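Novice: Pasting the sequence and the predicted model now:
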Amino acid sequence: MTAEELVGMNKKEMLRAKIESIRLSDVMDEEFVTVRPDDRLGDVLARMTELDLHEIPVSKDGKRIEGLVSYGTMLRRKNLSTEAKASTIMVSPPNVPPDAAITEVAEILLREGYRQLPIVEDGRIAGVVSRSHILSVVKNVQDVQDVPVESIMTTDARTVGGKDRVVDAVTTMRNLDIRIMPVVDDPGRIMGIVGIKDIANYNWREKRRQTIGEVVGNSYPADVLVESVMIEEPVTIPPGTTVGEAAGIMLDRRISTLPVVDDRELLGVVTTFDLVELVASFRRRDMMYMQITGLENEDRFESEQMERIITQSMQKIARIIPPLMFSLHVGKYKQEGLRTKYSLNGRLVTIDGVMNSNSSQWDLIQATADLMAIFERRVIERKEEKLEHRRRSRNIGHR
C-alpha cells in the first residue's frame, strides 16, 4: 500500500467517525403522517401529493406500523383502481431501529429504493427518515460537502424527448429502475424534466362528473406526450458545483434531481441517490456492497453465475483501486419470440470516485461479462491517466 493510499484510508476513517457521530434521532422527523389500512388509493395519493411524499406509513392508530404505501409499488401494479384500499397495495418496510448508524440507513434507502422510511421500535413508529435527512448530513460535514459533483454525477444519464410517449418513458423508468429523466430536444439541449410523481398524478387523477361519487382512474400510463406532463425550466447547476451546494439546492427547492448543464447542454445528472450513496460508501463493511436488481423469476437461476463474473472482475479491479459499492440493474427492452434482449446498467463506487456503464445483449451472462470488461478497462485507463499525470508533474519539476 502506498503512502497516498494510507492517507486516503485514514481520512476515510475520520470522515466515517464524523458521519456516524450524527445520531438518527438528530435528523429524523418525529412528527409524521400516516394513512389507515382502509383508506382508498385516491385519498392516499392526494395525501402523498399534498405532502410531496414517495412513501407513506400505514397505521390503524397512527402509531403501530402496519405497512408502507409507495409510488414504486403502485407503478408495478396494473389495473389498479383509485377505489383500492391501502391495505391491498401496502408492503412491509425494512426494519430500521432508532440506533441504526446513518451510513447503514443510507445503504438501506438505496437497497430498498425508498425515499422515506419509518423508524420502528417495538412495532411502533418512532419517526420517519428520508433521503433529504441524509442530504443534511452531506451539507454539514465539511470534507464531504467539498466533493465536486463531477466525481459522483451520472454522465450518461438516460433522457427522453418531449415528443416521446409517456407510456414509453414509464417503460424506460421501469427497465432502468429510475424515477426521473431529463427531457431534451433534438440537439440534446435540456427542455424539462419528468418524474414518476408527475406521471402518477396525471395518471391516477380523478375525473368527477355531475353525478356524485363517480370516479375514474387506473394505473396504466396515459397515452400522451411527455411534454404535456413534464416540468418546464427545471432547476439546473453548472459544472464546478460542490455536493454541499447541490445538497443545499435540493433541500431548499425540495427536489431530488439536478441536471448539470453548460449553456443548456446536458453534461450529467446528480440526484439524491448519488449523495446518499456517497454517505453509504463510508459504512464499515468486511466486503464490497453489491446489489443486483430487476431480475425476474425466470432469470433468477442465472444470478449465481452473474455474481461469480462480477466477483472475479472485482478481484482484478481491487488490485488497482479498492471498490466500495457496486449496483447493477437488469432491464428487458426487446423480445422476439422466446428471446429477450437485456439492458444492464452498472454503477461502481471506488475510493477514487464513481463510474457508470451499460451493456446490452440477447444473452444475460454475456451482457454481464461485457459490462464488467468495460469497468475493468475504465479502471485501467484511470490508473494510466494518473501515472501519466505524475510523470508530467515530475518532468515539470526537473526543468
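Specialist: Sure thing, it's come through. Residues are numbered from 1 along each chain as shown.
Novice: so the closest residue to Glu277 other than its chain neighbours is in which element?
Specialist: Of all residues not flanking Glu277 in the chain, Leu110 sits nearest, at 5.9 Å (Cβ to Cβ, 6 or more residues apart in numbering). (Each C-beta comes from the backbone N, C-alpha and C, glycine too.) Taking DSSP states H and E as the criterion, Leu110 maps to helix 102-112.
Novice: same question, Pro239
Specialist: Pro239 belongs to no helix or strand when elements are defined using DSSP H and E.
Novice: Show residues contacting the helix holding Leu110.
Specialist: Contact partners of helix 102-112, identified using Cβ atoms under 8 Å, 6 or more residues apart in numbering, comprise 16, 19-20, 22-24, 27, 93-94, 96, 100, 115, 117, 129, 131, 134, 137, 273, 276-277, 279-280, 282-284, 289, 291, 327.
Novice: Mind doing that once more with 7 Å?
Specialist: With contacts defined as Cβ atoms under 7 Å, 6 or more residues apart in numbering, helix 102-112 is touched by 16, 19-20, 22, 24, 94, 96, 117, 129, 131, 134, 137, 273, 276-277, 279-280, 282-283, 289, 291.
Novice: and that helix, how far out from the chain's middle?
Specialist: How far helix 102-112 lies from its chain's middle: 11 Å, per Cα atoms, centre = their mean, to the nearest Å.
Novice: buried sites along the next helix or strand after that helix?
Specialist: Using DSSP H and E, the helix or strand that follows helix 102-112 towards the C-terminus is strand 116-121. Residues Gln116, Leu117, Pro118, Ile119, Val120 are the ones in strand 116-121 that count as buried (16 or more other Cβ atoms under 10 Å).
Novice: quick one: stretch 183-196 to chain centroid distance?
Specialist: Centroid separation for stretch 183-196 versus its chain: 19 Å, with Cα atoms, centre = their mean.
Novice: how about it: buried residues?
Specialist: Neighbour-count burial for stretch 183-196 flags Val183, Val184, Ile190, Met191, Gly192, Ile193, Val194, Gly195, Ile196 (criterion: 16+ other Cβ under 10 Å).
Novice: so how far does it reach from one end to the other?
Specialist: Its first and final residues considered, stretch 183-196 spans 13 Å by Cα to Cα, to the nearest Å.
Novice: How about residues contacting that stretch?
Specialist: The contact list for stretch 183-196 (Cβ under 7 Å, 6+ apart) reads 71, 75, 159-162, 169, 173, 179-182, 226, 229-232, 234, 236, 257, 259, 261, 264-266.
Novice: Mind listing what's buried along the helix holding Leu110?
Specialist: Judged by neighbour count (16+ other Cβ under 10 Å), helix 102-112 contains these buried residues: Ile102, Thr103, Glu104, Val105, Ala106, Glu107, Ile108, Leu109, Leu110, Glu112.
Novice: rewinding a little: which members of the contacts of stretch 183-196 are classed as buried?
Specialist: For the contacts of stretch 183-196, a neighbour count by 16+ other Cβ under 10 Å gives the buried set as 71, 75, 159-162, 169, 173, 179-182, 226, 229-230, 234, 236, 257, 259, 261, 266.
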